[in-house]
Each structure stands twice: as C-alpha cells, then as structure tokens.
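[1] Sequence and predicted structure are below.
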Amino acid sequence: MKKINVKNTYKLKIAGSPEEKIVDITQSEEYGVAPSRVKYIKPKVVVKIGDAVKIGSRLFFDKKNEVNEFLSPVSGTIKEIIYGDKRIIKAIVITSDNKDEKEKICDPLSINDIKEKSVADIRSIIQKGGLWSSFLEYPFNRAPDKDEIPPSIYVGLDNDEPFLPESHMFIKGHESEFLTGLSAIKRICKKTYLGMSVNCKVNDPSVRKEATHQLVGDYPANDPGVLLYYNKTSSDENKSWGIKAQDVIRIGMLLESGVYPNKRLITVSGNILKDACYAWVQDGIPVEAVLKGIDDFSKIRIIAGGALTGQKIDKEDYVSYRDFALQVLPEGREQEFLHFFKPGFHRPTVSRTYMSALLKDKEWEMNTSLNGGHRACISCGSCVAVCPVETYPQVTMKNLNVNDIETAMEQGVLDCVECGLCTYVCPSKIELDEIVTNAKNIIAKEVGK
Amino acid sequence: MIKKLADFLNEQEKHFVKGGKFEKLYPLYEAGASFLFSVKETTQSSVHIRDSLDTKRFMSMVMAALTPCILFGIYNSGYQAHKAVGLSLDLIPVLLTGSKLVLPLILVSYAVGGTIELLFAIIRKHEINEGFLVTGILYPLTLPATLPLWQAGVGIAFGVIVGKEVFGGSGRNFLNPALTARAFVFFTYPAYISGEVWTSILKSKDQIVDGWSGATALAVAAATEAPMKASEVLTNAGFSLEKSFIGLIPGSIGETSVPLILFGAIFLIITGVGSWRTMIGSVLGATLMTLIFNLIAGPSSNPFLGLSPIWQMSIGSFAFATVFMATDPVSSPSLEISRFIYGFLIGILGIIIRVINPAYPEGWMLAILLMNVFAPLIDHVVISMKIKKRIPNVV
Ligand code: SF4
C-alpha cells in the first residue's frame, strides 16, 4: 500500500457531529424525488400523475446521456409533479402503497457470477439499476457517457468533510456488498485504486486489504479526485472516474439482490439538534420526517451533504439520490459590535489572527454567516495554502476575470476537486469555488459535456 | 443600547441600497455599518460556512503592529523638537508637542485619502476597502514631522489616485499606495524630505515653525568623505549605533526605532499577516549586498561602502520598509517563494541605491516601488516553473 501525504488540507472542527448510533426512519406516506437537485442533467420525466410505480421503476433520465437513469425508491402511485421557475422539475411526489413491490433488474449475482459476466452486461446492470450517476467522470464531474471507457477508477473509502458518514459506520454489516461492488468496478476498467485514510476505523481485513493507497491529511485528502491528482502519471488519466465507497456498497446491493437499493445510511447532524446521529432512511423520504424536534425552521439552514459542498434545501424537500448527510446550521444573522477589535476567542479561523487559534482542540459552533463583507482580493495567499491539488485559486480567478481560460487550464483549473476550501478561507469572501466551477462548466460545454 | 444602534443602522439600510434615496452613498453606509457591526450577510453558495477572518481583522492586525511605532513617533518628534531648542524633555510636554506635530499629518492623510477612496468607491460602485486604513497611517509615518500639511495632503492624494485607483482600485494596484505617496513628496519637495531638514524648531514655547536643525543619519553617512570612517562620523554626529537602534534620533516619524519595528515584525509574523519570507529575504539581501560593499571598500573609496550590515540596518528606514512596506500583500507577489525572492531583491537594491546614489539617501522606497512593478513578473516566472512539473490537464 502506497502512502500519500496530501498537502494543503484543513481539519474543520465543527460542533454537532453525529453520535455513533443508528436509528431507522423509513416510514412516510409520501416520498419524492427531485430531478432539479441532480447537477448537470436535463431530466426527461417518463411517468405521469396516477401511474403506478414499483421500487426501481424508471422515473426520469438525462436527455443528454440516456443511460443515466433515475428510479423510484418506493412502490405506490405518482401523486404530483411539481414544477418550479423556468419549468425546472422540483419534485415528483409518490404516494406509498406500503407494499414494497420491486422491479427486478437482474438475477442476484455473487462475486463469482460477476467474474463470468461481460463488461457490457455489468455496465448495463448498473445503468438500468439507476446507479450510473454514482460515477463521476473527471474533470467535469458528470456521469460518464454511455460508451466512455475509463482509464482508471478511483474509489474513496473515507469521508473527511463534516458531517458525512464515517467509513466504519457504513461499511459495518455491508462488507460483502462493498466487495461485490468493488469487484464489479474492477471489471469495467483496467485499473482501480482504493484510497483509505490513515485514520480509517474499518477493522474488516478483507476490506482493508483492498486499499491501494493510504492517505495522510485532513479535508479533502480522501476525495477520489485528490488521489487521482497525486497518483496520475500521464494526462491520459485525467478522464478517470471517481466513486465514493457508499456508492460502491449500493452497486453491491443492486448486484447481490437484483433490485434497486432504496435505503441508505445518512448522518443527521448539527449542534442545534438534540439527537445528532446516523439514520437508515428510505430514499425519497421527506426531510421533515427526518429532522424531528425542530420548532422554528426560519432561523436555520438545512444542508443536504457536507458543510462545504452541500446543497441548501427546504424542509419540504426529500432525501435525494446523492445525499448522504443532512445537516442543520443556524443562519448567522446575529451582528457583533466592533467584532474585529476583540480578541476573538470564539471565532474559529484557519489563520492566527484571532485568539481562537490558541484553542487547538475545540469544536466550534458555526453558522452560515459570511463573517465579513465582499472585498477585492488582497493577495493574502490563504487560498493557495489550502488547495489540495496545488492550484493557485487567486491567480486562476484573476485569469478567469479576463477570460483567459487557456492560462487557467495550464495552471491546473481542471484538477480542481471542488472542495470549497479556498472559498472557506478567503478573507475577502470571494466565491472562488463558484468562479472556478463556472469556468469548468464553460469548458465542459465547449467540449460537449 | 448597542442593540438599538444595530437596529437603527439596519433600519437605515433601505435608503442606501438600490432604489433608496442615497443609493450612491452605499459605500459610505457599508463602511460605517460594517465598521461597527459584523455583517449579517449569510453564505449563498455551496460553501455554507466561512472562516472568521475578514479584511477588517486582517488590516487591524497591521494597525496593532504599528501602534508602538506611532506612539514612539509622537514622542520622538516632540523630543527632537524640544532638544533642538533646549526646551524641557519631560514626558508630558514632549508628548504634547509631538502630538501637535504628528496628529495633524495623520488626520490630513486619512481625510484626504479617505475622501478620494470614497469617491472612487461611489463611482465604481464597490465597497470601501480596508486597506486604506493601513495606507493612511503608513504614509505619515514615513514623513518628517515638519512637512507642511498641504504637501502631505497632495502626496496622499497622488498616492491613492496614481498608486491605486488608476489601476482599477484596491486589489488591482501593483504599487504600494503609501510608498507612491511618499515618493511623490520626495521628488516634488526634495528640500523637505531628502534628509537635510528634519527636526522641528520651536520659536517660542508653543509655536512651531519649520526650520533647519540637523542632518539625519543617512545624510551624515552619505556625506562622509574618505578616509574618514562612516561609523565614526556617525557616532560623532550623535548617531551612535546604540542610539540609531533605539531610535531617539531625528528621522521620519515612525521609522527610527528598530526595537519597536521588530515588535511589529514579530506580531505580523505570529498572526501570519505579514510574510516572514519577504522580511527574511530583505534582511538577507541587504546583508549580502552590504558585505559585498564592505569587501570592495578601500581606504579611498566612498566610506559609506564600509559601513557594516548592522549599521546599515539600524539607520534610515530599512527596518520600517522591510517590515511594513515590503510586506503589503497586494503589491507583493502572491506566492510564498516569489515573496522570498522579492524581499531578497528589495534588500539588494535598497542598499545599492542608498550607498551608490547619494542623491537618494533612502533606497528602500525606490527599491520597493521598483520591485512592486516586477512582482507580477516574479510570480509569472515561479508559476511557469511550477506548472512545468504538473501533469497537464487541458482540453
Ligand atoms: S484568499 Fe481571497 S483574498 Fe486571499 S489571495 Fe485568495 S482570493 Fe485573494
């Protein structure tokens, strides 16, 4: 196993991490899926109001990439299709019939069966099984095209963004599905790499021995894109794919059972929750059913995903295809008098400009305050110091401001893993991640992605 | 009470935002409100939480680092003025005189520079950048206490407009505006600033007039003729190494005391606000160049060549420029390695200009401004070398 020291990472110490306890939240009368929350797709809905669906029935697919399908997490009837501004499809609401009828996607397959199957078959099962979007094709982070053959696939076992589930929590009891999923992934490309954190708490030796790399570093050292950056030896590998271990388990579940895996382990966290913990939820469950015990939703923000990369959602939304965490943060609208004048023992910072820098092990109660006004870049270099793939966000930003995409690419803008740390640290509160992602999207468009 | 003030300010916001009565004055409102209270704005992108450091805190760290120099500058200006005419050297009267000399300069600098800053913020429709808080104080500290106020005002106006705004404002400027202002005063009114006329003379007890009192250490060193040794001449003229180091000597307001500047340096390094690479680079560059000069110094050559590094670093504005001017992040190169190279070149150039060209006894100002111009080039070279090592990822 190779050890990689990932440079420029940062440990976010936020209060409100989930306890290592798992609850079950699967009951609801209504479920929903939100095509608008799946990034970079043009959804085409294939069901109508009143249609009966089973678990695993096709609900919509991506018009740009038809193999990228999205399936129903429940059996029941389509109750409503909600459209938003510009006719985006906000939600497909399904009334559950509590029957759990399942669409058969393939025969149940063991690891040995997978060895017998052709690559085309395996790909097609994953596509038909609605899990094609578990793969991200670099550098544009989209689901791969139908015929795309990856030079290699990078699997990230651990999560280091608060508060995505920790590997030992989601692997436990699902070792076999993980290994099955992994064996399928190994079949569809020449080279598979599995990165594991040095702090990984997974004990199972059969899982541990699959790891090809050990990663040293804080957030986002365990992002598969970071492993790709450190491991690649030629630019042919830039088009590799990445996938997270939880998605590997889902693929394993699909293969072993032959039906769509409609349950997932998520974290429910935030220090304003009395009971932050892990939860088994049924996909598509209303957020409100998961976040119990909150009286006033007006002063909080619900985030689906990590604190630095997640999507802002409402309590009326549903747990969606890519969600492995629900997090609530207080909206930071409180104002402090002469804040920059005080020692700042309560103000977490990467820098050493507040006394808080002395409190090394404290967990900070954070909120969504911008913590400053928008200003011009002061060239402080903080963003460069936290870029795990060694780009120069401020330089890139300045190049992009004058539309010099060529230079930005030379300086590595396409290696960006969109971790958000540069935006997090910027004292001028520049949305560097958005500037970079927008540029990547422009490039993606030019090359037809 | 404070809550009421916050509510009042928030209440007024509607007049300043788009469509309000005073929409144009938004930068003024924003500057005032965000000075008193932290912002109530929340994150809108997918990065939901943010670090606590903002530019206000960043700049106030520089202010904190400067405070000892400001206080000492006030004291020293009063002290030199009193000493020149034999008045009482007691603390209180000295401080009073010092305040009378220094505070108006600071006020003029902030008032004139701040107004221009505000005007440009209104025209350009952006917030006022806190960098000016630092520029506005750095500049007067590099001036002699005797500079007429109108000259100080013209200088800062020039510095802010030419050093910053013509390039598109804060963040786009590549010259350090405080130094640009200082350089302007230097070239326009050389008599006042070239090191010949420094200390204020008091005609009667509390009426201050400008006058000639004595040369600064630099002027003395530069004027030393072979075969005299510069260090001896300096010591005889009252600029012993010890005194030059401590700083109770005639000179620019805030630049004389090396220990207090060192305090600032340590503060900047600990807080991470000033680049230690720039500072170390500059010290190394200056030491190296001085040693080279020491080597080539012969009995009949310019005695300034023979002055040892420790002397060179104690007199003039070397320390102040290295710690507070060269480290200005906006006009420095942006990468850490570039910052070291940048500091190093400033050290070398500064000593060359100071020693070789007696017309500019203060080399640092020019050295830094020159390197400001080259900062983007240094970055460019460093980045080009670094991207050669990257595996290309282009489409
Ligand atoms: S962190 Fe922000 S202010 Fe600092 S260099 Fe990067 S973009 Fe500029």
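    That came through fine.
[2] Going by C-alpha atoms from here, please, whenever you check contacts or count neighbours.
    Will do.
[3] May I ask which helix or strand of chain B has the lowest mean pLDDT?
    Ranked by mean pLDDT, DSSP states H and E, the weakest helix or strand in chain B is strand B:207-209, scoring a mean of 39.
[4] So which elements touch the helix or strand that that strand is followed by?
    Proceeding N to C from strand B:207-209, the next assigned helix or strand is helix B:217-223, under DSSP states H and E. Identification of packing neighbours for helix B:217-223 by 3 or more C-alpha pairs under 8 Å, 6 or more residues apart in numbering or on different chains; DSSP states H and E yields helix B:230-236.
[5] Give the buried residues for the helix it packs on.
    Buried residues in helix B:230-236, counted by 16 or more other C-alpha atoms under 10 Å in any protein chain shown: B:230-235.
[6] Output the next helix-or-strand element following it in PDB, but only the C-alpha positions, please.
    Per DSSP H and E, the first helix or strand lying C-terminal to helix B:230-236 is helix B:241-246. C-alpha atoms of helix B:241-246 as PDB (Å, rounded to 0.1, in the frame of the first residue of the first chain):
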ATOM      1  CA  LEU B 241      24.900  52.600  16.800                       C
ATOM      2  CA  GLU B 242      23.000  52.300  20.000                       C
ATOM      3  CA  LYS B 243      21.100  55.500  19.600                       C
ATOM      4  CA  SER B 244      20.300  54.700  15.900                       C
ATOM      5  CA  PHE B 245      19.000  51.300  17.000                       C
ATOM      6  CA  ILE B 246      16.800  52.700  19.800                       C
END
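[7] Going by contacts, tell me the helices and strands next to helix B:241-246.
    helix B:258-271, helix B:309-314.
[8] Check which element follows the helix or strand hosting A:F61 along the chain.
    Assessed by DSSP H and E, A:F61 sits inside strand A:58-62. Of the helices and strands lying after strand A:58-62 in sequence (DSSP H and E), the nearest is strand A:65-71.
[9] In TSV, list the helices and strands packed on helix B:241-246 along with mean pLDDT, mean neighbour count and distance to chain A.
    Listed next are these as TSV, based on pLDDT from 0 to 100; neighbours: other C-alpha atoms under 10 Å in any protein chain shown; distance: least, C-alpha to the nearest C-alpha, whole Å:
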stretch	mean pLDDT	mean neighbour count	distance to chain A
helix B:258-271	96	20	5
helix B:309-314	86	20	27
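[10] got the ones you listed as CSV, with distance to the ligand columns?
    Converted to CSV, the helices and strands packed on helix B:241-246 look like this (distance: least, C-alpha to the nearest ligand atom, whole Å):
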stretch, distance to the ligand
helix B:258-271, 15
helix B:309-314, 30
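[11] I figured A:S240 was touching A:V155, is that so?
    No. Using C-alpha atoms under 8 Å, A:S240 is not in contact with A:V155, being 10.8 Å away.
[12] Quick check: which element contains A:W280?
    strand A:277-282.
[13] Now do the next helix or strand after that strand: distance to the chain's middle.
    Next helix or strand after strand A:277-282 toward the C-terminus (DSSP H and E): helix A:287-290. Distance of helix A:287-290 from the chain centroid (C-alpha atoms, centre = their mean, to the nearest Å) equals 19 Å.
[14] Can you name the element that comes right after helix A:287-290?
    strand A:300-304.
[15] Mind listing residues that contact that next one?
    A:310-315, A:319, A:323-331, A:368 (C-alpha atoms under 8 Å, 6 or more residues apart in numbering or on different chains).
[16] ok, and which of these reach chain B?
    Counting by C-alpha under 8 Å from any C-alpha of the partner chain, A:310-312, A:331, A:368 from the contacts of strand A:300-304 sit close to chain B.
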